[in-house]
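Asks: let me see the structure of the following:
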Amino acid sequence: MRIKQTDLLDWTTRVFQHLNVRDEDAALIARYLVDVDLRGIVSHGTRQLRRYVPEFRDGLINTHPDIKILSASETSARLDGDGGAGYLVARRAVDTACDKALENGIALATTCNHGHVGSEGIYARRAIERGLVSWCVAGGAGWGKPKEAGATVWDAMKAPPMCFGIPVSEGPPLVADMNANFFHGVDHAASALEDYPKAVFASLGMKFISTLLGGLLAGSIEQTGRTYRGASRGFLFVAIDPAEIGNANAFKVEVTRIIRQSRELAPIPGTDSAELPGSREWQREQDWARDGIPIPEVHMEILEGVEEDTGVKLPTVHPE
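Replies: Numbering: from 1, shown residues only. Just a heads-up that it's a prediction; the model follows:
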């Protein structure tokens, strides 16, 4: 089954409007979710509606946030999301950091008091459009020691994201959008120790880094008051202008060459093509914008549940 991206975008926008989200905010969040679907990142596109609908409906997230700048300098900005959707304050933070990086070479923006920011590749690509390198993390604020029986150090942190973005002169950029948690629970991590000990401990370290920087430093260090219980996230974004270091155009041309020639090599055994982080997503965006977004059965069930919950009728689904 496939749904045209324009149809899915319109429907998703109307779902958020039904939940009393401002029209411009509904359109922005919907655009980001459908863009993620276009890239084939199945976990963070419109499947997330099963989570966002009850958050907005039940008052866990503010539908009309008044985003504020808490502090700013030539190379930094700190924003309060006023309990709203993370996408809204994260976009403003990213744009602010990019503006400052283009003026000063490097900039940092952090956010607090908001909901889920979604796929961090959204923000890396926004910086890439402006020719900037970026790095970002996000995490939950207000950490507490796990109380479950048998909890281990692995359970101390959950599954925070981390992303790096590098611009190119043409073709697919490098976007390493990842979950810091490489394993599905402590049992999976424990079983991987024998064959992949470095990966287990690297993942453990990355889980702490993302949460301590995105959740604690960005999200909760001031312990700002939270009217909305779902606004428990933080986000940290760094933007770098390659021109601060050298010839930005030459850098992007060389990155393009390296990516192109690397993709000309044989694929990793067991895979069907030689891809780098971001290249497969780049190709899907083009193909699926033309052909429609594939909607597997489990995804369709989620969308049908949203339709039933909100009364917003789904668009036409086309067979493969």
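Asks: what about the strands in the protein?
Replies: 2-3, 68-73, 76-80, 106-114, 133-140, 161-166, 174-179, 233-240, 293-294 (DSSP state E).
Asks: make JSON lines out of those and add mean pLDDT, distance to Ala199 and mean neighbour count.
Replies: For the C-beta atoms, the positions are set from N, CA and C on the backbone; glycine is no exception. What follows is the strands of the chain, written out as JSON lines (pLDDT from 0 to 100; distance: least, CB to CB, whole Å; neighbours: other CB atoms under 10 Å):
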{"stretch": "strand 2-3", "mean pLDDT": "98", "distance to Ala199": "35", "mean neighbour count": "21"}
{"stretch": "strand 68-73", "mean pLDDT": "97", "distance to Ala199": "38", "mean neighbour count": "12"}
{"stretch": "strand 76-80", "mean pLDDT": "98", "distance to Ala199": "34", "mean neighbour count": "21"}
{"stretch": "strand 106-114", "mean pLDDT": "98", "distance to Ala199": "29", "mean neighbour count": "26"}
{"stretch": "strand 133-140", "mean pLDDT": "98", "distance to Ala199": "19", "mean neighbour count": "26"}
{"stretch": "strand 161-166", "mean pLDDT": "98", "distance to Ala199": "15", "mean neighbour count": "23"}
{"stretch": "strand 174-179", "mean pLDDT": "97", "distance to Ala199": "12", "mean neighbour count": "20"}
{"stretch": "strand 233-240", "mean pLDDT": "98", "distance to Ala199": "24", "mean neighbour count": "26"}
{"stretch": "strand 293-294", "mean pLDDT": "98", "distance to Ala199": "30", "mean neighbour count": "19"}
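Asks: start and end of stretch 125-136, how far apart?
Replies: 12 Å (CA to CA, to the nearest Å).
Asks: where do the helices sit along the protein?
Replies: Listed in chain order, the helices of the chain (DSSP state H) span 5-18, 23-38, 49-57, 86-104, 121-128, 185-192, 197-210, 248-263, 279-291, 297-310.
Asks: can you tell which of the ones you listed is closest to Ala218?
Replies: Closest approach to Ala218 among the helices of the chain (CB to CB): helix 86-104, 9.3 Å.
Asks: mind listing what's buried in the closest one?
Replies: 86-98, 100-102 (16 or more other CB atoms under 10 Å).
Asks: circling back: which one of the strands of the chain lies nearest to Glu281?
Replies: Between the strands of the chain, strand 174-179 lies closest to Glu281; by CB to CB that is 7.0 Å.
Asks: within the sheet, what are the partner strands of that closest one, with directions?
Replies: Next to strand 174-179 in the sheet, as set by DSSP bridges, lie strand 161-166 (antiparallel).
Asks: run the chain-centre distance for the strand it pairs with.
Replies: 9 Å (CA atoms, centre = their mean, to the nearest Å).
Asks: and Arg92, how far from Ala26?
Replies: Arg92 is 16 Å from Ala26, where distance means CB to CB, to the nearest Å.
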